[in-house]
Structures are given as structure tokens and as C-alpha cells.
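Q: based on what follows, work out the 3D shape:
(chains A and B)
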Number of protein chains: 2
Amino acid sequence: MDRPLVALVLAGGTGTRLYPASRSDRPKQFLPLGGDRSLLTETVARADFADHVVVSTRPAFADDIPDHAPDAEVVVEPAAKDTGPALVYATHRIAELYDDPVVVVLPSDHHVGDGFAEAMTRGARVAADTGALVAFGVDPTRPDTGYGYIEPGADRGDYRDLAAFHEKPDAETAARYVDEGYLWNAGMFAWTPDALFAAVRDSPLAPLLDALDDGDTDAGFEAVEGVSIDYAVMERAADAAVVPVHFEWDDLGSWDALERIVDADEDGNVALGDDPVFVDAADNVVATDGANVSLVGVSDLAVVAWGDRVLVVPKEQAQKVRDAVSILRDRDAF
Amino acid sequence: MDRPLVALVLAGGTGTRLYPASRSDRPKQFLPLGGDRSLLTETVARADFADHVVVSTRPAFADDIPDHAPDAEVVVEPAAKDTGPALVYATHRIAELYDDPVVVVLPSDHHVGDGFAEAMTRGARVAADTGALVAFGVDPTRPDTGYGYIEPGADRGDYRDLAAFHEKPDAETAARYVDEGYLWNAGMFAWTPDALFAAVRDSPLAPLLDALDDGDTDAGFEAVEGVSIDYAVMERAADAAVVPVHFEWDDLGSWDALERIVDADEDGNVALGDDPVFVDAADNVVATDGANVSLVGVSDLAVVAWGDRVLVVPKEQAQKVRDAVSILRDRDAF
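A: Prediction:
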């Protein structure tokens, strides 16, 4: 493409379900999970298909971003208000920084396999050529109930029409979605600023965009509701496309995800960090930043020891870590 | 009594089942469990019924004993060889140090309730008056399968004849023992040196006693087998008595014991250390030396975080911590 391709890396989230590795001052994207480098550093490295990398984050994390992404431009949203405001703000800033850019939006805290750069470049081209808002849809490998799904419409060659977004389904519905060829919503998008702003004009984020145009950034953020880009813009966009992609992908949303990216031992135990002791223990996930963990007579647990914090939860209830974090927040201890 | 009463506190054990609080260089008796002071310090304080306190320990722990028992005489056995050799050696030394003493043997790592001093003094008097080897038998409060039992014989007023020792029973046998009035073997004894040595002459420990009499302590220890005093001497003693006692007692043998000495919250969770986070969690035992533990969706577990170690085990399998320690010893990491 002649137009500059800008990778917009979203690094303002916390990843609370990966507590205690994630903490209020140490979000998930700053963690090395399954590798030597932080997820953010990996994401920025993976974004080398782009001409420029912009990292968008919240004020609390801004000072630490250069440690993970030394060469990236950093855009600090005035307040953490979910992906909708963050992406409108960052895209607005990117439109000022670069001449007629195409933006590819990348979460900073996912696990991604081979074939990523080609797919992103293809999606960017679709966004540039069609003026549509492009969502990337990952080919599902299982009927996961933890992901949202994208229902594709007519096949247009490099992309398909985007028929509908679907929320996280129950197990039966997930199986149907997979059977019917729906795709995982990976939270990756491509658009031109013009295409995004046109869609935002018809969305709850319109006042924020007006404020940004008027230079009233802080006031605009103050007033705007915290909403996701999916809900606020993508689902209502008149002109949306989905680019099916086939790379290995995992959002590492909760501790049970570790067994999908780390090899298990012969008893099905998965370990990240120091070598645990397993006695009559099977199918557990253990993650530590140095502590040595012994599991005796337990199965199907996630056990995480990070710093001075320990978490024990059945893998299949790993989503409920949110509730523990909620209690810790009430104690001002998250 | 006119004769000096000497409390002999046995502090040479490790308490491996309380790993990771207990470690090779931090035995159970050095830990504060359910109190502010170490179990050893509590034991020495509780021994104030005696005229003298002697702490017997192994070489590895000797330097740390004064931190826990500053005023006690310390006897360091040349090698850790179980309670049999330790008690013969320490009693031999006590017979040199004091004039015609009566010895009361106290484990250093148990939980003990009110009424202890009176019971010990009574047992010492029985030992002095009768010349028997005296075992203290704790009135059982449940058919515990983790304790050995003492079968009492004829009632002699302050004491009963000791009919037999019984190993840790299965559940059915334990129930029968309790029904029949057997008592828990608490590992507490009273004797005069003459009585002990007379019994030792007919035991596998006789060569050790000969060596001690000849001043060949190191050689005697080198040659002796590691055996418990129960097995080597008490069970075969011609003249043994049991003094029934009624104080609250727990050997704190494994992590499930915590729920017997610490009050539970309304969901049955018991915590030693920092205030854990419980979400849909019931009947768990948590112990830490500072780490904050979150339990989500689990029940009936013991979770221990101590230093840089973490242990997770179902309460009812808490004995199996031994197997984890065995693996850690092989790694030279206990």
C-alpha cells in the first residue's frame, strides 16, 4: 500500500482474570506468559508488518510502556473508558500524526501464532480498498464459550460481509456457531480514520468525536460512557466486513488458557515457572514467578503464586477470579 | 517432691508434614502455629512445673535453640536417630547434671490445653514412687486414626497399669479403641534414669547405653539404629504405667489439624496468617507467613504459602505431604 499502515496496540486493559500475575499496577500485557518477553513486547514485535506502531494506554500504565515498547509512539487516553473511547481517541491522534493512514487494531495481551502478519496486511488492504470497518474473524478450533462470535455473510473474495456479532454463547449455541462457520471475534480490527469516524457519527461515541474535533479532549472523555468498540460502533456499522484468518490465537483470558499454550506432562499437568512437585496430581495448571509449588492429590485446579499472592481455583471456574479481584479492590488490595 | 523434676523437651524432629512451613532448617517446633511464639517457646513456658528444663536436639538445630529457649540447658545428640537414642542420651546426660532427678519427656511441637502442669506433676510422682516407666494417655475426643493408642490395665488410683501400645488404627478399630477406653499416646513420658536404663538393658538400645557409660558417645550413636522410644523400650518394658490425662491436646501432625485449634468462619474456612479471600469456598484450611491467598470455588483443601513455597492438598490427604517432601529431598530442595 502507498498509505502508511499503522498498528494501533491497545494496552490500557488490566486482565483481572489473570490475577495474581496481573495486578492494578502490573497489567496482563506487561507479563511474560509462555515466553521470555512481555505480551506487549511480543505484540509490538509481531506488528513489524506495519510502518508505524502506536501504543494506546491509560495514564496509570503510561510510564511503563517504553520498557515494553521502546520504539513505539505512545498515546495516553485521558481516562480508562473501555475500547470504544480509547480507539476513537487513538485513531483521531493517528490521523493527526500520519498522512492518510490505515489503522490495524491489535490487543496487546493475546497469544498469536504464525500467519499473523500476512492476515493483518490483507485486512488492512480490505479496509483501504473498501472503506469498510474490518473485523478479523479467527477460525474456531473448538466451541469455546469464552469468546464472542462473528457471523459472516456473503463471500467477497478477500473478505466476507459482516452479518452480525454474537455475544459469548452457552455450550450448545457455541457448537452451533462453529458448525455454521461463525468466527471468533479476536478484538482485532482494521479501518481508515474516515471510515471509523463516519460510523462513530451514528454511535454513542459521537459526542466524544465532536469534542476531539473541537480540541476538548478532557471534557469529551469526562462525559463519555465506557463502552466497547464492538458494542458502540462495530455492531451498528452500516459497512462492516470480516476477514477470516487462520492463525493460532488465544486471548489468554483466564488461567485455564495456559494449557492451550504450554505443553502438559504425562499426567496432564502444565507448569509456567519453577518446576512444581506433583504427587497424585493430574490435569492441573501451575503458574509462578519463582515460588515452588507442590500439588498433592488434586486435579483440574489452577494454582498461581505470584509475588506475595496465591490463587487456587478449579480450571473450569477460572472466570470467577473476577470475583476475588472485586473483593481485593474493596480492600484496596488489588 | 524432694527430687529435682527435669522437663526434657524433645526438639530434634522436623515435622515434615507441615511443609512448607517446616523446612530442613526450620523445623515445626520453631514455628508459631496458632500463637505468637514458637511451639518450642510455648513448650518451655508450659514446662514451668519443672525445676529444670533441658532441650534435646540434633546438631543442625542446636544453634537456633537459644532463640526459642534462652534459659534451657541444651543437649545435642551426636546424630538424629529418632526418639529412642535421643532419650537415652539426654536422660543419661540429665543423670550427670542433676542429683537423683525425675524426668518428664515433652514433645516440643504439640498443642496443649489447660490442666497440663498438674497432670505432668502427677505423672512424675508416679514415676518417682513406683519406679515404673510412665506414659501419659490423653482422653480421646474422637476416633482419630492418626494417633497411636494405649490400652490401660488395672486401675491403681493415680495411674493404671499399661496393658499394651497399639499402632495407628483404621477407622473401625479406632472407634472400638475409643469405645473401650483406650487413650491417645501423646509421646509424653515420665521416668527416673534408673527405671529407664533398667528397661534399656533389655532393649535394642542396650549397646548405646553401654557406650554412654564408657564415654564412647559418638561411637555409640554411630552404631545405634534409629528407633522410637515407644518401639524400642516402652512396649517391652516389664514395669510400665499409664497416667490418664484430660487436657486438650493435638500433635499438629498435619495441616488438617489447624481446624482443630483455629476458629472457622461461617463457611468453615480456617485461616492462619493474612486474611484470605474466599469466593464460593468452604471448609478450607489456609496458612501463610504473609502471603495473601485467594480461594475460588474450592472446598476441603489445605493451602499453605510460606516463604517461596506453596502447597495445595485435600485436607483428608494431608499425611501425603510426606511424599512431596520426599521428592523435594531428592532435589535437595527441602
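Q: how about the helices in the stretch 201-334 of chain A?
A: A:206-213, A:217-223, A:229-232, A:258-261, A:321-330 (DSSP state H, counting those that start in this stretch).
Q: packing partners for the third one?
A: Other elements packing on helix A:229-232 under the criterion 3 or more C-beta pairs under 8 Å, 6 or more residues apart in numbering or on different chains; DSSP states H and E are helix A:83-97, strand A:183-191. For glycine as for every other residue, the C-beta is placed from the backbone atoms N, C-alpha and C.
Q: what does the longest one give?
A: Other elements packing on helix A:321-330 under the criterion 3+ C-beta pairs under 8 Å, 6+ apart are strand A:309-314, strand B:277-279, strand B:292-296.
Q: try the second one
A: In this structure, helix A:217-223 packs against helix A:83-97, helix A:206-213, with contacts taken as 3+ C-beta pairs under 8 Å, 6+ apart.
Q: gap between that helix and the chain center?
A: Put simply, helix A:217-223 sits 24 Å off its chain's centre (C-alpha atoms, centre = their mean, to the nearest Å).
Q: buried residues in it?
A: Within helix A:217-223, the residues that qualify as buried are A:217, A:220-221, counting by 16 or more other C-beta atoms under 10 Å in any protein chain shown.
Q: likewise stretch A:285-303?
A: Buried-residue list, stretch A:285-303, by 16+ other C-beta under 10 Å: A:285-289, A:291-298, A:301-303.
Q: span of that stretch from start to end?
A: The first residue of stretch A:285-303 is 6 Å away from its last residue (C-alpha to C-alpha, to the nearest Å).
Q: what does stretch A:138-156 give?
A: 17 Å.
Q: what about that stretch, average pLDDT?
A: Per-region confidence: stretch A:138-156 scores 96 on mean pLDDT.
Q: excluding its backbone neighbours, what's nearest A:Asp323?
A: Distances taken as C-beta to C-beta, 6 or more residues apart in numbering or on different chains place B:Val279 nearest to A:Asp323, at 4.5 Å, with adjacent residues excluded.
Q: ok, the residue nearest to A:Thr130 when sequence neighbours are not counted - contacts?
A: In this structure, A:Thr130 finds its nearest non-sequential neighbour in A:Ala241, 6.3 Å apart by C-beta to C-beta, 6+ apart. Counting by C-beta atoms under 8 Å, 6 or more residues apart in numbering or on different chains, A:Ala241 makes contact with A:126-127, A:130, A:132-135, A:156, A:159-162.
Q: going through those, which ones are buried?
A: Buried, going by 16+ other C-beta under 10 Å: A:126-127, A:130, A:132-135, A:159-160, A:162, out of the contacts of A:Ala241.
Q: identify the bridge partners of the residue nearest in space to the middle of chain A.
A: In chain A, the C-alpha nearest the mean C-alpha coordinate belongs to A:Pro107, at 3.6 Å (C-alpha atoms, centre = their mean). Note on A:Pro107: beta-bridge partners A:Leu10, judged by DSSP bridges.
Q: is it true that it touches A:Met188?
A: Yes. If you go by C-beta atoms under 8 Å, A:Pro107 and A:Met188 touch, sitting 6.9 Å apart.
Q: hang on, the earlier thing: which strand residues bridge the residue nearest to A:Thr130?
A: A:Val134, A:Asp161.
Q: quick one: pLDDT of it?
A: Reported pLDDT for A:Ala241: 97.
Q: flag every residue of chain A that's near chain B.
A: Within chain A, the residues that sit near chain B (C-beta under 8 Å from any C-beta of the partner chain) are A:19-20, A:277, A:279-280, A:288, A:290-298, A:301, A:303, A:305, A:308-314, A:317, A:320-321, A:323-324, A:327-328, A:333.
Q: and with 6 Å instead?
A: Proximity of chain A to chain B (C-beta under 6 Å from any C-beta of the partner chain) is limited to residues A:277, A:279, A:291-298, A:303, A:305, A:308-314, A:317, A:320, A:323-324, A:327.
Q: once you drop chain neighbours, what's closest to A:Glu118?
A: A:Phe49 (7.9 Å).
Q: and that neighbour, what does it touch?
A: Taking C-beta atoms under 6 Å, 6 or more residues apart in numbering or on different chains, we find A:Phe49 in contact with A:117, A:120-121.
Q: out of those, list just those in helices.
A: A:117, A:120-121 (DSSP state H).
Q: what is the nearest of the residues you listed to chain B?
A: Set against chain B, the nearest of those by C-beta to the nearest C-beta is A:Met120 (36.0 Å).
Q: return the residues in contact with the closest one.
A: A:49, A:104.
Q: could you rerun that using 10 Å?
A: By C-beta atoms under 10 Å, 6 or more residues apart in numbering or on different chains, the contact list for A:Met120 reads A:5, A:7, A:46-47, A:49-50, A:104-106, A:112, A:136, A:188, A:190, A:243, A:245, A:247.
Q: buried only: go through these for me.
A: A:5, A:7, A:46-47, A:50, A:104-106, A:112, A:136, A:188, A:190, A:243, A:245, A:247.
Q: among those, which are located in strands?
A: Secondary structure from DSSP state E places A:5, A:7, A:104-106, A:112, A:136, A:188, A:190, A:243, A:245 of these in strands.
Q: the domain parsing of chain A - what is it?
A: A:5-250, A:255-330 (automatic domain parsing).
Q: distance between the ends of the first one?
A: Counting by C-alpha to C-alpha, the length from the leading to the trailing residue of domain A:5-250 is 24 Å.
Q: likewise for the last one?
A: Terminal residues of domain A:255-330 lie 23 Å apart, using C-alpha to C-alpha.
Q: distance from the chain centre to it, please.
A: Using C-alpha atoms, centre = their mean, the offset of domain A:255-330 from its chain centre is 22 Å.
Q: repeat that for the first one.
A: On the basis of C-alpha atoms, centre = their mean, domain A:5-250 is displaced by 7 Å from the centre of the chain it belongs to.
Q: returning to that earlier point: which neighbours do A:Pro107 and A:Met188 have in common?
A: A:Leu10.
Q: so what's the closest residue to A:Gln317 other than its chain neighbours up against?
A: Closest residue in space to A:Gln317, ignoring its immediate chain neighbours: B:Gly297 at 4.0 Å, by C-beta to C-beta, 6+ apart. Contact partners of B:Gly297, counting by C-beta under 10 Å, 6+ apart, are A:301, A:312-314, A:316-318, A:320-321, A:323-324, B:278-282.
Q: what about chain A, any weak spots by pLDDT?
A: A:1 (pLDDT under 70).
Q: now with 90?
A: A:1-2, A:33-35, A:236-238, A:273-274 (pLDDT under 90).
Q: once you drop chain neighbours, what's closest to A:Pro66?
A: A:Val74 (7.2 Å).
Q: shouldn't that neighbour be in contact with A:Ala62?
A: Yes. Here A:Val74 reaches A:Ala62: they are 6.5 Å apart, a contact under C-beta atoms under 10 Å.
Q: okay, and the common contacts of those two?
A: Going by C-beta under 10 Å, 6+ apart, residues that sit against A:Val74 and also against A:Ala62 are A:11, A:55.
Q: list the contacts of A:Pro169.
A: Contacts of A:Pro169 by C-beta under 10 Å, 6+ apart are A:143-149, A:175-178, A:182.
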